[in-house]
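# Could you look at this predicted model? Sequence included:
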Amino acid sequence: MRIEPDPPQHPLLACRLWLHLPALALAADLHLDPFSVTPRQEAFIAWLAGLPAGLPIAILGDLFDFWIGDDWDPPPFRPLFAALTAAARERLLFFQAGNRDFLAGRQLAQRIGWRRLPPLVGVVIGAQRFLLTHGDALCWHDHAYLAWRCETRHPRWQRAFLTQPLADRLAFAQTARAHSQARRDYPEEVSDDAVRDLLARYPGCHLIHGHTHRPRAVRYTVGDALAMRWVLPEWRDGEPAAGRMVTATGVY
């Protein structure tokens, strides 16, 4: 199955949604295993339970190591879904798809109660403005990935894929994951040109993303102003919870 998309170009993300929030808890890149209940899944559930009541949460992609359609129901994820559903009952819970779970759709959103976010969303907290994105669309120098991203985000590709039997979809996902893990030419960072383009188009904003698994805080000068780029950490088994808090003073 192959749908010929338009030629891959540098994705130019557009922010058409702005959220006004008092603060925000963030998590990204958990890569939870659909075949077993891992320590990081248990740590994430405990992190959810320990957050202050009513604090909004946003998951910025790659919650799952892969997701093959909302008609799939991996048993190891049932405790996770129960915890997410409980969180969504008492607070705003947002989900922004990553490169591994871009097929998480409306049915899963209805089941859990989270609100799906577009690939770029703005958040206003106090006097600060933040742009949130998973980060994969900022990898302008990874031409192989951008071509794959362009193909798999095409509605015709997704419709064709989701009509296949679950066993075939699972085999495809496992093969794609194996190919991804075997690559040795991944860029270690997002494109600086992509970041500067985004910050220039949205002056006065700071950027928060995941995807690269390289947590850091980077300063940029945009015109006469200072902007920050915060990179969220990945979650790992046996390590402390990697959630972060966004307030009017930054990311912690």
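Nice, I can see it.

# The residue nearest to residue 53 when sequence neighbours are not counted - how many residues pack around it?
Nearest residue to residue 53, sequence neighbours excluded (Cβ to Cβ, 6 or more residues apart in numbering): residue 90, at 6.4 Å. For every residue, glycine as well, the C-beta is placed using N, CA and C. Residue 90: 11 surrounding residues under other Cβ atoms under 10 Å.

# how far away is residue 90 from residue 111?
Residue 90 sits 17 Å away from residue 111, going by Cβ to Cβ, to the nearest Å.

# cool, and residue 167?
Residue 167 is 22 Å from residue 111, by Cβ to Cβ.

# So which of the two has more stuff around it?
Between residue 167 and residue 111, counting by other Cβ under 10 Å, residue 111 is the more crowded of the two (13 against 9).

# before we move on, which element is that one in?
helix 106-112 (DSSP states H and E).

# Check what contacts that helix and list those residues.
For helix 106-112, the external contacting residues (Cβ atoms under 8 Å, 6 or more residues apart in numbering) are 67, 70-71, 81, 84-85, 88, 93, 95, 115-116.

# Quickly name whichever of those residues is closest to residue 149.
residue 67 (15.3 Å; Cβ to Cβ).

# how about that closest one, what does it touch?
Per Cβ under 8 Å, 6+ apart, neighbours of residue 67: 100-104, 108.

# Need the CA coordinates for stretch 89-105. PDB is fine.
What follows is stretch 89-105 as a C-alpha-only set of coordinates in PDB (Å, rounded to 0.1, in the frame of the first residue of the first chain):
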ATOM      1  CA  ARG A  89     -12.800  13.900  34.800                       C
ATOM      2  CA  GLU A  90     -11.300  16.400  37.200                       C
ATOM      3  CA  ARG A  91      -9.100  18.600  34.900                       C
ATOM      4  CA  LEU A  92      -8.400  19.500  31.300                       C
ATOM      5  CA  LEU A  93      -6.400  16.800  29.600                       C
ATOM      6  CA  PHE A  94      -4.800  17.500  26.200                       C
ATOM      7  CA  PHE A  95      -3.100  15.100  23.800                       C
ATOM      8  CA  GLN A  96      -0.900  16.100  20.900                       C
ATOM      9  CA  ALA A  97       0.100  13.300  18.500                       C
ATOM     10  CA  GLY A  98       3.700  12.500  17.900                       C
ATOM     11  CA  ASN A  99       5.500  10.500  15.200                       C
ATOM     12  CA  ARG A 100       4.700   7.200  16.900                       C
ATOM     13  CA  ASP A 101       1.000   7.700  17.800                       C
ATOM     14  CA  PHE A 102      -0.400  10.000  15.100                       C
ATOM     15  CA  LEU A 103      -3.200   7.500  14.500                       C
ATOM     16  CA  ALA A 104      -4.700   8.100  17.900                       C
ATOM     17  CA  GLY A 105      -8.100   9.500  16.800                       C
END
